[in-house]
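model the following, please.
(chains A and B)
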Amino acid sequence: MFAATELNQSDRKRQGLYRVLFMLMTGLLILPVLLILATLIHKGGSIISAEFLFSEPTNGMTAGGIFPALYGTIWLVTVALLISVPLGVAAAIYLSEYAGDNWFTRVINLAIINLAGVPSIVHALFGVGAFVLFFGFGTSILAASLTLAIMTLPVVIVATRESLQAVPHAFREACWNMGATRWQTIRRVVLPNAVSGILTGVILEVSRTTGETAPIMFTGAAFFLPFLPESVFDQTMALSLHLYVVATQVPGVPDELPYGVALVLIAMVLLMNSLSIAFRMWLRGRKKW
Amino acid sequence: MKLEVNGVSISYGAQTILSDVNLSIREHEIFGIIGPANAGKTSFIKALNRMDMFTSSMRVDGQVLIDGRDIRSVRNVYALRSQIGVVFPLPVGLPLSVYDNVALAPRLSGTKNKKKLDEIVERCLTRAALWDEVKDRLDSLGSLLSGGQQQRLTIARALSQEPQLLMLDEFSIAVDPVTTMRIEDVLKELKSEMTIVLVTNLVQQARRLADRTAFFLEGECVEVGITEDLFTGEVKDSRTRDYVEGRFG
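The predicted model follows:
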């Protein structure tokens, strides 16, 4: 009764073939990540120590640690987040919950997509013109973080808007029916259920912000600074720029130093990603509907 | 709360879904609306609490007076909606705890007193015939209850608004027959406190509950009359008799 026909058999063979093919391609994706990590650990792992992380570079950056760069990157990322998350989330709430589908929102959506496609060096030049010169922040953490924030804004907006729209429309109507205003509905029902998606956007932003070099090069990151920044109006060193500098700009740097810096940079991104993913899973732990 | 509906027509784009409805709903009565699918019953309900505002293609013409006031002149639509409880056929348990689901409306209108909220939650869940099933798990998510329970939760939520007008659109679609009967008994009691509009596909349900009933058919309000008259054949339009006797629809 259930005997396979010839057609069944060839279908099954083909299905097996495609399965293997797709699996291989997925495997290929992981390969570069593993290779990069392995290379970095192999070549730079030996230099990592508490002293490397928490001391200043010495001997014209050919020896010593990376603390000012590490510290500066944390500053840059934090300030950039403080600017772009409220701005991006607010814009996404407006686009998803308040604005109708009209020419105005369509223009804004187009702008967001285009903003995401602008090369980072162009953002850097914009940052110089707007924040360093026009607003007079000088080359500072503030100018650099603003540049980073603008660059990553589309990611936050798109991720937030999509997670807001994933909350079923029926929930909103049920609230409106009870006489809730739009804002009451957003605050009590929509936002709490969109948090995990918003967090995804923030994770992506953190990762990208940590690694970017071009946007901060002209706006706030310094080649070498013998002191730590004290306010957002100071310049700072940054890990990504420091990596570029020790890898290409300074003669006589021992091989393991740039690999060590790269390893710290990647470890930072992976650590923050894992923390956020864990937090997100905890939020999602309870199925909501 | 009493309603006066004068020449109301509803259309979506070029398509007219309901035309020229004239009827009045008296205070403290259960007003039944019966009719086959696509008769315009749900759209009619949406027009009464101005849910048409949320559907850009939906257009309502004519006049609806609530206690003599044209609802289109009401600036504070939130106050209007908060006095009208609505239950739609598909249950919506909000992704909040069972307690918060029912406490939401009182909280929206400013009730913070925990004791008072407790009291409202228990009273409304009891009336919606759900209290016994959820009293030990008020903090579990309302959206994870079964379909029938969510429907009763939706009813409890509508009651928590302490509405003056309660509109139920096919409330029994997701509820088992025994629970339906319990809720029907509650509705008979609630009549002394509020006006009830009951949209139903089950003509017998209208017969059991409604004081007066309107028959909608393909976008037309065919007839409004004392419910018993419609069922004993004292009708103005023969289509009404055919429908209640089950000859079509």
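
up against chain B, what does the stretch 51-200 of chain A have?
A:100, A:170-171, A:173-181, A:184, A:188-189, A:192-193 (Cβ under 8 Å from any Cβ of the partner chain). C-beta here means a position set from N, CA and C on the backbone, and glycine is covered the same way.

one more pass at 6 Å, please.
Residues of the stretch 51-200 of chain A lying near chain B by Cβ under 6 Å from any Cβ of the partner chain: A:170-171, A:174, A:177-181, A:184, A:189, A:193.

now those: which count as buried?
A:171, A:174, A:177-180, A:184, A:189, A:193 (16 or more other Cβ atoms under 10 Å in any protein chain shown).

widest-spaced pair of those residues?
A:Gly179 and A:Asn193 (20.6 Å; Cβ to Cβ).

look up phi and psi at residue 140.
By default, I'm working from chain A. Dihedral pair for A:Ser140: phi -150, psi 170, per degrees, to the nearest 10.

can you look at chain B instead?
phi -80, psi 160.

quick one: contacts for the one residue in chain B that gets nearest to chain A?
Residue nearest to chain A within chain B (Cβ to the nearest Cβ): B:Ser82, separated by 2.9 Å. Taking Cβ atoms under 6 Å, 6 or more residues apart in numbering or on different chains, we find B:Ser82 in contact with A:179, B:161.

and the pLDDT for whatever residue of the stretch 51-200 of chain A ends up closest to chain B?
In the stretch 51-200 of chain A, the residue that lies nearest chain B is A:Gly179 (2.9 Å; Cβ to the nearest Cβ). Predicted confidence (pLDDT) for A:Gly179: 90.

again with B:Ser140
Model confidence at B:Ser140, given as pLDDT, is 91.

over to A:Phe171?
Looking at A:Phe171, the pLDDT reads 93.

could you do the one 4 residues further on as well?
Among the per-residue scores, A:Cys175 holds a pLDDT of 93.

what's the burial count for the closest residue to it other than its chain neighbours?
Nearest non-adjacent residue to A:Cys175, counting by Cβ to Cβ, 6 or more residues apart in numbering or on different chains: A:Thr185, 4.1 Å away. Using other Cβ atoms under 10 Å in any protein chain shown, A:Thr185 is surrounded by 20 other residues.

doesn't A:Thr185 belong to a helix?
Yes - assessed by DSSP: H, G, I helix; E, B strand; the rest coil, A:Thr185 belongs to a helix.

counting only strands, which of the buried ones among the residues of the stretch 51-200 of chain A next to chain B make the cut?
Secondary structure from DSSP state E places none of these in strands.

which one of these is nearest B:Ile25?
A:Asn177 (18.6 Å).

and that closest one, how far from B:Gln83?
12 Å (Cβ to Cβ, to the nearest Å).

what's stretch B:196-203 in contact with?
Residues contacting stretch B:196-203 (Cβ under 6 Å, 6+ apart): B:30-34, B:41, B:166-169, B:206, B:210, B:244.

buried stuff in it?
So, applying 16+ other Cβ under 10 Å, buried residues of stretch B:196-203: B:196-201, B:203.

same question for stretch A:3-18.
Within stretch A:3-18, judged by 16+ other Cβ under 10 Å, no residue is buried.

what's the neighbour count on A:Ala130?
16.

against which helices or strands is the helix or strand encompassing A:Arg14 packed?
A:Arg14 belongs to helix A:6-44 when assigned by DSSP states H and E. If you count contacts as 3 or more Cβ pairs under 6 Å, 6 or more residues apart in numbering or on different chains; DSSP states H and E, helix A:6-44 packs onto helix A:256-284.

and the helix it packs on with chain B, contact?
No - using Cβ under 6 Å from any Cβ, helix A:256-284 never reaches chain B; the gap is at least 12.1 Å.

what's the burial count for residue 77?
By default, I'm working from chain A. So A:Val77, with other Cβ under 10 Å, has 23 neighbours.

actually chain B
17.

and the nearest residue to A:Leu87 once chain neighbours are set aside, how far is that from A:Val118?
Closest residue in space to A:Leu87, ignoring its immediate chain neighbours: A:Leu153 at 6.5 Å, by Cβ to Cβ, 6+ apart. Counting by Cβ to Cβ, the gap from A:Leu153 to A:Val118 is 11 Å.

settle it for me: which of the two has more neighbours?
Neighbours were counted for A:Leu153 and for A:Val118 using other Cβ under 10 Å; A:Leu153 has more, 21 against 13.

look up phi and psi at the more buried one.
Per-residue torsions, A:Leu153: phi -50, psi -50 (degrees, to the nearest 10).

do I have it right that it meets A:Gly88?
Yes - between A:Leu153 and A:Gly88 a contact is recorded at 5.2 Å, counting by Cβ atoms under 6 Å.

helices of chain A, start to end?
Under the criterion DSSP state H, chain A contains helices at A:6-44, A:50-54, A:67-93, A:103-117, A:120-127, A:141-165, A:169-177, A:182-185, A:195-211, A:214-217, A:239-244, A:256-284.

of all these, which lies closest to B:Leu138?
helix A:169-177 (18.9 Å).

how is chain B partitioned into domains?
B:1-83+B:164-249, B:95-162 (automatic domain parsing).

deepest-packed of these, please.
Per-stretch averages of neighbours, counted by mean count of other Cβ atoms under 10 Å in any protein chain shown, single out domain B:95-162 among those, with a mean of 19.

that domain: end-to-end distance?
End-to-end distance of domain B:95-162 (Cα to Cα, to the nearest Å): 22 Å.
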